[in-house]
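K.L.:
Pasting a predicted model and its sequence here:
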Amino acid sequence: MQGSTDHGLLFNTLTGYLPTPSASLIDLKAYIDKYTPKRMTPRASTGGDRGKYITSYLKAIYGNTATKENDFGYAWLPKLDEGMNCSWLNLFFKMYQGSSKASSPGTEPACSTPAASYVRQAFGKLKWMVTVNLFDNETASFWRAPA
């Protein structure tokens with residue numbers, strides 16, 4: 001789990017536990033205003049530096065193109081729609097219902113979840129799926145085994 005937050009692999013958290021911005025936060029100032037705690041608590045001990053952290057993150061991603069004039073590239077970050085839930089459980093639910101037609105999993109959900117059978121059934125309802133792995137794994141070859 002630690003790697004997910006270190007590498008920004010979760011839909012709701014950027015690297016360094018920075019919240020993923022929502023589409024309603026139109027600029028970096030709005031993001032900082034929303035996510036910087038107004039009052040410090042022991043749990044939010046680093047939250048007061050949120051502006052520094054997000055700016056540093058943007059500079060790390062966009063390099064020299066991230067300037068003060070362009071809001072350090074904040075507009076280039078992907079944004080979530082309000083109330084959007086892209087957790088893997090919700091994504092597989094949508095696949096299972098047939099409302100999601102494609103997938104490109106970057107993990108091994110066909111065998112690494114408590115609901116592996118459900119995940120395989122959901123994969124079976126897709127029109128297509130792309131996997132990129134050096135070696136075959138259960139997710140890439142789920143179709144060989146019964147659901």
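P.N.:
That came through, no problem.
K.L.:
what residue ranges in this protein score low on pLDDT?
P.N.:
When residues are selected by pLDDT under 70, those of the chain lie in 1-3, 39-48, 106, 145-147.
K.L.:
And the strands in it?
P.N.:
All strands of the chain, identified by DSSP state E, fall at 13-14, 18-19, 102-103, 128-129.
K.L.:
Make a markdown table from those strands and add distance to D49 and mean neighbour count to it.
P.N.:
C-beta coordinates here come from the backbone N, C-alpha and C atoms, glycine included. Formatted as a markdown table, the strands of the chain follow (distance: least, CB to CB, whole Å; neighbours: other CB atoms under 10 Å):
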| stretch | distance to D49 | mean neighbour count |
| --- | --- | --- |
| strand 13-14 | 15 | 17 |
| strand 18-19 | 11 | 17 |
| strand 102-103 | 37 | 14 |
| strand 128-129 | 41 | 12 |
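K.L.:
Using JSON lines, lay out those strands together with distance to W76.
P.N.:
Formatted as JSON lines, these follow (distance: least, CB to CB, whole Å):
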{"stretch": "strand 13-14", "distance to W76": "13"}
{"stretch": "strand 18-19", "distance to W76": "15"}
{"stretch": "strand 102-103", "distance to W76": "24"}
{"stretch": "strand 128-129", "distance to W76": "28"}
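K.L.:
so what's W128 up against?
P.N.:
Contacts for W128 (CB atoms under 8 Å, 6 or more residues apart in numbering) come out as K101, A102.
K.L.:
and if we set it to 7 Å?
P.N.:
Counting by CB atoms under 7 Å, 6 or more residues apart in numbering, W128 touches A102.
K.L.:
now it: how far from F93?
P.N.:
As judged by CB to CB, to the nearest Å, W128 and F93 stand 19 Å apart.
K.L.:
try M84
P.N.:
Using CB to CB, M84 is found at 14 Å from F93.
K.L.:
cool, N64 as well?
P.N.:
According to CB to CB, N64 and F93 sit 42 Å apart.
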